[in-house]
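>>> below: sequence and its predicted model.
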Amino acid sequence: GAGVSQSPSNKVTEKGKDVELRCDPISGHTALYWYRQSLGQGLEFLIYFQGNSAPDKSGLPSDRFSAERTGGSVSTLTIQRTQQEDSAVYLCASSLANRATEAFFGQGTRLTVV
Amino acid sequence: TQLLEQSPQFLSIQEGENLTVYCNSSSVFSSLQWYRQEPGEGPVLLVTVVTGGEVKKLKRLTFQFGDARKDSSLHITAAQPGDTGLYLCAGGPGSARQLTFGSGTQLTVLP
């Protein structure tokens, strides 16, 4: 596609429910990144995929967070048993292999846990 | 852990004024990027600097990378309301291919 696409744009969920956030990277971009941004703050790195593999999952804040990528394209970030502190904007970015400094971001998913 | 500190955190100025935003770290970065983010959107890359002492100009924006590659500045000349946004610096990539982001400078340019 023309740019990185994320869905949904907004998600309100009840505490304790599971949520899935989707990212469609730019076609041909083999690297994909998930970041989390609290209101008006910088971005916190969550996880990086090269192809379908995630070499380092240490950025995920807890074992309630998981992510997968299939077919080297679409990625899903899943948060189980959501907590209020999970409320944030979740941003996805993609880049050509080994070009992390030239990543393009999606518009983000604003998650609100009530 | 590599950290990037940005200052000021908030800046409100009148149209036509000049301003400088700073990004500082105790760590050396292989490269440093500046992004601008508008409400409801993802960050958009403005520039990447990779060489210590490098200066890049983008119209009214001037970016400088410190000689030691630990700090950077963004200078805007004759600011316009369209410059309003959250300015983020980011360094890296790190071992996990991640970028380390600063906390951002929220710039408001009043007409």
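It's in.

>>> for the rest of this, base every contact and every neighbour count on C-alpha atoms.
Fine.

>>> and the lowest-mean-pLDDT helix or strand in chain B, does that touch chain A?
For chain B, the helix or strand with the lowest mean confidence is strand B:100-101, at a mean of 90 (criterion: mean pLDDT, DSSP states H and E). Yes. Under the criterion of Cα under 8 Å from any Cα of the partner chain, chain A is reached by strand B:100-101 at B:100-101.

>>> can you give the strand pairings for that strand, parallel or anti for each?
strand B:85-92 (antiparallel) (DSSP bridges).

>>> off-centre distance for the partner strand?
5 Å (Cα atoms, centre = their mean, to the nearest Å).

>>> any idea of the mean pLDDT in it?
Averaged over strand B:85-92, pLDDT sits at 93.

>>> low pLDDT regions in chain A?
The model of chain A has pLDDT under 70 over residues A:1, A:40, A:98.

>>> and for residue B:53, the neighbour number?
Neighbour count of residue B:53, defined by other Cα atoms under 10 Å in any protein chain shown: 15.

>>> what residues are up against it?
B:64-69 (Cα atoms under 8 Å, 6 or more residues apart in numbering or on different chains).

>>> dump the residues you listed to a markdown table, plus pLDDT and secondary structure.
Putting the contacts of residue B:53 into a markdown table (pLDDT from 0 to 100; DSSP: H, G, I helix; E, B strand; the rest coil) gives the following:
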| residue | pLDDT | secondary structure |
| --- | --- | --- |
| B:64 | 96 | strand |
| B:65 | 95 | strand |
| B:66 | 94 | coil |
| B:67 | 93 | coil |
| B:68 | 93 | coil |
| B:69 | 92 | coil |
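
>>> distance to chain A added to these, as JSON lines?
Written out in JSON lines, the entries for the contacts of residue B:53 read as follows (distance: Cα to the nearest Cα, whole Å):
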{"residue": "B:64", "distance to chain A": "17"}
{"residue": "B:65", "distance to chain A": "15"}
{"residue": "B:66", "distance to chain A": "18"}
{"residue": "B:67", "distance to chain A": "20"}
{"residue": "B:68", "distance to chain A": "19"}
{"residue": "B:69", "distance to chain A": "15"}
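
>>> check contacts around residue B:69.
B:28-31, B:51-53.

>>> going through those residues, which ones are buried?
B:29-31, B:51-52 (16 or more other Cα atoms under 10 Å in any protein chain shown).

>>> residues from chain B in reach of chain A?
B:31, B:33, B:40-45, B:48, B:86, B:88, B:92-93, B:96-104, B:106.

>>> so which residues of chain B form strands?
B:5-7, B:10-14, B:19-24, B:31-37, B:44-49, B:55-58, B:61-65, B:71-76, B:85-92, B:100-101, B:105-110 (DSSP state E).

>>> before we move on, what about chain A?
All strands of chain A, identified by DSSP E, fall at A:5-7, A:10-13, A:19-24, A:31-37, A:43-50, A:65-69, A:75-79, A:88-95, A:104-105, A:109-113.

>>> can I get those in JSON lines with mean neighbour count and distance to residue A:56?
JSON lines is the format used below for these (neighbours: other Cα atoms under 10 Å in any protein chain shown; distance: least, Cα to Cα, whole Å):
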{"stretch": "strand A:5-7", "mean neighbour count": "21", "distance to residue A:56": "22"}
{"stretch": "strand A:10-13", "mean neighbour count": "15", "distance to residue A:56": "27"}
{"stretch": "strand A:19-24", "mean neighbour count": "20", "distance to residue A:56": "19"}
{"stretch": "strand A:31-37", "mean neighbour count": "25", "distance to residue A:56": "11"}
{"stretch": "strand A:43-50", "mean neighbour count": "23", "distance to residue A:56": "7"}
{"stretch": "strand A:65-69", "mean neighbour count": "18", "distance to residue A:56": "11"}
{"stretch": "strand A:75-79", "mean neighbour count": "20", "distance to residue A:56": "15"}
{"stretch": "strand A:88-95", "mean neighbour count": "26", "distance to residue A:56": "16"}
{"stretch": "strand A:104-105", "mean neighbour count": "24", "distance to residue A:56": "20"}
{"stretch": "strand A:109-113", "mean neighbour count": "21", "distance to residue A:56": "23"}
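
>>> all good on my end, thank you.
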